[in-house]
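Novice: sequence? don't have it. structure:
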């Protein structure tokens, strides 16, 4: 009898322990059909208690005490990755903790960074879509030490944040994001393109700076190399570039440039100062960079909008003035039509 009682006690103890282990680690939190998913955000800096509360409130974790205990016993409580997660409703504590620890259920966020946009514009997009700190992003962009660490010989990373379609994690580290954008630029700007720049007598910064102006100016893709040729012709002749996008950058706004704007005091104002501005005015894409490296060979020195998205190119100032007058008439007609429709 005594032995049978001892065996019974041992079985009960093991049963309780086994049940506790099952309940803590392996039991489904909810007896769902395991086809329902919930999106959960884990912000950077969140404590394990905060995470447990959030999962409990969102109906992912049923027994918060068991979840917290499991996290501490597994040693993962302080090793949860921030991110946007898709978690299975009905998963066990072990499955949830494993996914949060390894990041295996973290959702990728696909973002297209469009060519010709400024770093500030990228910062706003990434803050809205990925949850980054836009001010930290911009501080890193303008950190010359960080730029040199990434192999960019410039005072800022404006111009080197390569436009492309990327996949990010929710609240991915700003430094990691910038590193990826710059590495993509460096991968694109290979030895062959660098050699072509040397043949033209241009540094990488000069290529990127001029490409940023071309990107801002070109609305028709086929004109990129022609526009690049115009500005290179002007540079070779010692003429001021007189590029409207540089004035817009100096003013910190988009839209039409007026006569009064041409006097804005800024080293980026190419109506006042000869040569290229101090650095890129946006982040140009592959097409504009290649347009600068392989420009159209022509004798054009001037360009003006044709009123329909493209440009009229001229060799002489007299030709240019005729094109300007024609554009003004077209613009006046457009304004009259717009006013008539209001």
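Specialist: It's in. Here the structure is a predicted model, which is why all the values come from computation and not from measurement.
Novice: how about the helices in the stretch 51-200 of the chain?
Specialist: For the stretch 51-200 of the chain, the helices defined by DSSP state H, counting those that start in this stretch cover 64-74, 93-102, 119-130, 134-141, 144-149, 174-188, 191-200.
Novice: Of these, give the one that comes closest to residue 301.
Specialist: Of all the helices of the stretch 51-200 of the chain, helix 191-200 sits nearest to residue 301, with 18.0 Å by C-beta to C-beta. Any C-beta I mention is one placed from the backbone N, CA and C, and that applies to glycine too.
Novice: Going by residue numbers, what spans are strands in the protein?
Specialist: Under the criterion DSSP state E, strands of the chain are mapped to 37-42, 83-88, 108-112, 165-169, 302-305, 311-314.
Novice: Including mean neighbour count and distance to residue 135, could those strands go into TSV?
Specialist: Output for the strands of the chain, formatted as TSV (neighbours: other C-beta atoms under 10 Å; distance: least, C-beta to C-beta, whole Å):
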stretch	mean neighbour count	distance to residue 135
strand 37-42	16	20
strand 83-88	20	21
strand 108-112	13	19
strand 165-169	16	18
strand 302-305	20	36
strand 311-314	21	37
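Novice: Could you provide those strands in a markdown table, with additional columns for mean pLDDT and distance to residue 185?
Specialist: A markdown table is the format used below for the strands of the chain (pLDDT from 0 to 100; distance: least, C-beta to C-beta, whole Å):
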| stretch | mean pLDDT | distance to residue 185 |
| --- | --- | --- |
| strand 37-42 | 82 | 30 |
| strand 83-88 | 81 | 26 |
| strand 108-112 | 90 | 16 |
| strand 165-169 | 92 | 12 |
| strand 302-305 | 94 | 27 |
| strand 311-314 | 96 | 27 |
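Novice: Adding distance to residue 324, write these out as CSV.
Specialist: Compiled in CSV, the strands of the chain are given as follows (distance: least, C-beta to C-beta, whole Å):
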stretch, distance to residue 324
strand 37-42, 54
strand 83-88, 52
strand 108-112, 36
strand 165-169, 39
strand 302-305, 5
strand 311-314, 9
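Novice: got a list of what the residue most central in space within the chain touches?
Specialist: Nearest to the geometric centre of the chain sits residue 122, at 4.6 Å (C-alpha atoms, centre = their mean). Going by C-beta atoms under 8 Å, 6 or more residues apart in numbering, residue 122 touches 113, 137, 161, 283.
Novice: switch to 7 Å and redo it
Specialist: 113, 161 (C-beta atoms under 7 Å, 6 or more residues apart in numbering).
Novice: Tell me which of the helices of the stretch 51-200 of the chain sits nearest to residue 245.
Specialist: helix 119-130 (14.0 Å).
Novice: can you pull the buried residues of that closest one?
Specialist: Neighbour counts over helix 119-130 (16 or more other C-beta atoms under 10 Å) mark 119, 122, 123, 125, 126, 130 as buried.
Novice: do stretch 213-230 as well
Specialist: 213-218, 223-230.
Novice: Could you dump those into CSV and include distance to residue 277 and pLDDT?
Specialist: Listed next are the buried residues of stretch 213-230 as CSV, based on distance: C-beta to C-beta, whole Å; pLDDT from 0 to 100:
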residue, distance to residue 277, pLDDT
213, 8, 98
214, 13, 98
215, 14, 97
216, 11, 96
217, 13, 95
218, 17, 95
223, 21, 97
224, 19, 98
225, 21, 98
226, 21, 98
227, 16, 98
228, 15, 98
229, 19, 98
230, 16, 98
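Novice: any idea how this protein splits into domains?
Specialist: 16-102, 109-188, 202-298 (automatic domain parsing).
Novice: possible to save these as TSV with distance to residue 307?
Specialist: TSV is the format used below for the domains of the chain (distance: least, C-beta to C-beta, whole Å):
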stretch	distance to residue 307
domain 16-102	45
domain 109-188	21
domain 202-298	11
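Novice: right, and these - which one's nearest residue 331?
Specialist: Of all the domains of the chain, domain 202-298 comes closest under C-beta to C-beta, at 9.4 Å.
Novice: Ends of that closest one, what's the gap?
Specialist: 19 Å (C-alpha to C-alpha, to the nearest Å).
Novice: Remind me what the longest helix anywhere in the chain packs against, helices and strands.
Specialist: Determined from DSSP state H, the single longest helix within the chain is helix 317-340. If you count contacts as 3 or more C-beta pairs under 7 Å, 6 or more residues apart in numbering; DSSP states H and E, helix 317-340 packs onto strand 302-305, strand 311-314.
Novice: which other residues reach the last one?
Specialist: Identification of contacts with strand 311-314 by C-beta under 7 Å, 6+ apart yields 223, 226, 230, 300, 302, 303, 304, 305, 306, 320, 323.
Novice: How about stretch 178-185?
Specialist: Stretch 178-185 has contacts (C-beta under 7 Å, 6+ apart) with 140, 141, 150, 152, 157, 160, 161, 162, 164, 166.
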